[in-house]
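Peer 1: below is the sequence, then the predicted model.
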Amino acid sequence: MEWYQANLGLIQTIIVTGMLTYSIQVVLRAGIFSLASVGFYGIGAYTAAVLVGTHGWALIPTLLVVVVSCWALSIALYLPLRRISGLSLAMATFAFDLGIGVVALNWDSVTGGPLGLYAIPVAMSTGEALALLVVATIILWYLERGAIGRAIEALRELPDISGAMGVETAKLRSRIFSLSAVLGGLSGASGALMFNIVQPTDFGFELIVTGLTMAIIGGSRSWVGALIGTVIFLWLPQALVSFAEWRDAALGAALVIILLFAPDGILGLLTRLRQRIRDRRSVEHESTQVPSTGGERA
Amino acid sequence: MQNLVDATALTSIYTLFALGLMLTWSVANILNLAHGAVYMMGAFVSYEIATAWEVSLWLLLPVAVLVGGGIAMALNVVAFRPIHHRIADPVAAERITLITSIGAGAFVIGVVRHRLADEAHAIPARVFDIETYHPGGLFRITNLQIVIIVFAVLATMAVGLWTAKSRPGRAVRAVAYDPEVCSMFGINPDAVRSIVMFTGGALAGAAGLLLALNTNSVSAEMGQGLLVNAFAIILVGGMGSIYGAALAAALLAGAQTLVQAYWDPSLSQAVSYLLIFIILVARPQGLFGRLTSSYSRV
């Protein structure tokens, strides 16, 4: 109990950030190189802050508004982006994120300008945020199994052919993009309502790098990887307090090293390890080994 | 009229920066987000040298060129090339390279930030005697700005002529078109990519030094804001077109200067975000897009 109290801030941060990492992971897994999660994080944060802080709304209606508005906005955003992929999509969504930052910085009357909005009443408890995260986990888990799971993998691995194989690529892509937006928005809203302050500097280039790092380090194949990445990213620096001033440099180096040697992230490493153990066991039992398709892809 | 001068100087810096980024993107399919860090290193190393010894700009310029080029080439050898060789799928390689460049950039910036310790730094004025001229009383221009403009013009023409006429330059264009076929003709694509990265980094390093002198400041993050602008320029100009990039740089610099002068200075960055969106929707291949590598999707 004491441990819980002492680490409450960290736990809350992990929950909020975990949601954001989910948002990034879910698009990466589908092969959509979108960085828009961070922009929607900002939108969700400010929406929640304004509704609860300035207008005194309750939690549930606020969250509903966040979900609906992020969904609607994502559809509008996706319209010009639907034909673009890869690097161009990454940069376009990157520009979107920075654009939201500009709006937040300049729309003084609503967003409080550079100072942001503060003294937002605590409208969300840790338990409620955790519940939200669990719901998101269930959704992501569902999207990783069965036909839909395979459809999304096909979307990533064979974007050109999967349409011919019966995967509704356009619809799926759009829906996943919107899901990512909603998750990002909810992440921002949770942060605003638990940490009571929203500033334009909260979601900029740094958050984009941080989010990507967590998703990639953990492993972009699954929500499990997203959680692993989030926990490691947020927990480890606590353990290495003296590293504080070298944090960004260490992070950057870690990212490069992981990508060079384990592009599938920690989850990828664990999966491969488990596969190797299984292969060894199956050899021992002299059953036929199914050859695996070589070449790890991210 | 003064705006024209400012815009021209800005165009020059943008061109130098964007050219390097565009070259590596169109030739090696690498969107190097560490380019901002490379740019910064040109300024940073010059700053270190200038504060320790009495040197002039004419010595620092080659140094910045070598530093920028060297760091970029080192990045290629240490990070981008191994990734390219390890990951078969070009789309995944693209993505991993982008994120790796983010990590590498963050690493370099983190190290420099530690060294600069968040204080204001500037390159000592003794490096170059800045004089201001007032031609005809119409506007104000400094000799430094003249140096910047002349350097940018010469560098752009040099790169343009080099890729068009010289043998290594044509090898560069060939690799941009199809690296595998090139290897069958005795061109080493890896070597060409390294050369291109060196060239891009060299231009950026010089630009960093020049701008640091012009704005009288050196900071770890000085290159980051330019990345989005460079992206807008590359998109508008079109991949593979050197003079297109210069033209697009002029367009962007002009638009930003006008917004800054007659509207709202804090919105000048938003011009590039808007430009990115407009061009992606209206004409994704840019104004003069040609020579792209077979895998890029814009």
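Peer 2: On my side now, so go ahead. Residues are numbered from 1 along each chain as shown, chains lettered A, B, ... in the order given.

Peer 1: give me the contacts around the least confident helix or strand in chain B by mean pLDDT.
Peer 2: Least confident helix or strand, chain B: strand B:132-133 with a mean of 78, by mean pLDDT, DSSP states H and E. Here strand B:132-133 makes contact (C-beta atoms under 8 Å, 6 or more residues apart in numbering or on different chains) with B:R140, B:I141, B:T142, B:N143. Heads up, the C-betas are built off the backbone N, CA and C, glycines and all.

Peer 1: for A:S34, helix, strand, or coil?
Peer 2: Three-state call for A:S34 (DSSP: H, G, I helix; E, B strand; the rest coil): coil.

Peer 1: so what's it up against?
Peer 2: Contacts of A:S34 by C-beta under 8 Å, 6+ apart are A:V27, A:L81, A:L89, A:A90, A:T93, A:F177, A:S180.

Peer 1: which residues touch the third one?
Peer 2: If I follow you right, that is A:L89. Neighbour list for A:L89: A:I32, A:F33, A:S34, A:L81 [criterion: C-beta under 8 Å, 6+ apart].

Peer 1: with the fourth one instead?
Peer 2: A:A90 makes contact with A:F33, A:S34, A:L35, B:L31, B:R95, B:L98 under the criterion C-beta under 8 Å, 6+ apart.

Peer 1: could I get those residues as a markdown table with pLDDT and distance to A:A253?
Peer 2: Converted to a markdown table, these look like this (pLDDT from 0 to 100; distance: C-beta to C-beta, whole Å):
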| residue | pLDDT | distance to A:A253 |
| --- | --- | --- |
| A:F33 | 89 | 23 |
| A:S34 | 92 | 26 |
| A:L35 | 92 | 21 |
| B:L31 | 87 | 20 |
| B:R95 | 80 | 19 |
| B:L98 | 86 | 17 |
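
Peer 1: and the longest helix seen in chain A, which residues are buried?
Peer 2: Counting by DSSP state H, the longest helix found in chain A is helix A:169-195. Using 16 or more other C-beta atoms under 10 Å in any protein chain shown as the test for burial, helix A:169-195 gives A:169, A:172-195.

Peer 1: could you spell out the sheet neighbours of whatever helix or strand comes next after that helix, each with its direction?
Peer 2: Toward the C-terminus, helix A:169-195 is succeeded by strand A:197-198 as the next helix or strand (DSSP states H and E). Partner strands and pairing direction for strand A:197-198 (DSSP bridges) are strand A:117-118 (antiparallel).

Peer 1: what sits up against the partner strand?
Peer 2: Contacts of strand A:117-118 (C-beta under 8 Å, 6+ apart): A:Y46, A:A49, A:V50, A:G53, A:T54, A:T111, A:G112, A:A192, A:N196, A:I197, A:V198.

Peer 1: now which of these would you call buried?
Peer 2: Taking 16+ other C-beta under 10 Å as the criterion, what is buried in those is A:Y46, A:A49, A:V50, A:G53, A:T111, A:G112, A:A192, A:N196, A:I197, A:V198.

Peer 1: correct me, but the fifth one touches A:F203?
Peer 2: No: because the distance of 11.9 Å does not satisfy C-beta atoms under 8 Å, A:T111 is recorded as not touching A:F203.

Peer 1: and the helix or strand encompassing B:A250, average pLDDT?
Peer 2: Using DSSP H and E, B:A250 falls within helix B:242-262. Across helix B:242-262, the average pLDDT comes to 89.

Peer 1: what residues sit buried inside the next helix or strand after it?
Peer 2: Using DSSP H and E, the helix or strand that directly follows helix B:242-262 along the chain is helix B:268-282. By neighbour count with 16+ other C-beta under 10 Å, helix B:268-282 contains the buried residues B:S268, B:Q269, B:A270, B:V271, B:S272, B:Y273, B:L274, B:L275, B:I276, B:F277, B:I279, B:L280.

Peer 1: what pLDDT is listed against the third one?
Peer 2: The predicted structure scores B:A270 at 84 on the pLDDT scale.

Peer 1: number of nearby residues for the nearest residue to it once chain neighbours are set aside?
Peer 2: Distances taken as C-beta to C-beta, 6 or more residues apart in numbering or on different chains place A:V102 nearest to B:A270, at 4.7 Å, with adjacent residues excluded. Using other C-beta atoms under 10 Å in any protein chain shown, A:V102 is surrounded by 17 other residues.

Peer 1: got the contact list for A:V102?
Peer 2: B:S266, B:L267, B:Q269, B:A270, B:Y273.

Peer 1: want to throw those into CSV with distance to B:G286?
Peer 2: Shown next, in CSV, are those (distance: C-beta to C-beta, whole Å):
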residue, distance to B:G286
B:S266, 28
B:L267, 24
B:Q269, 21
B:A270, 20
B:Y273, 17
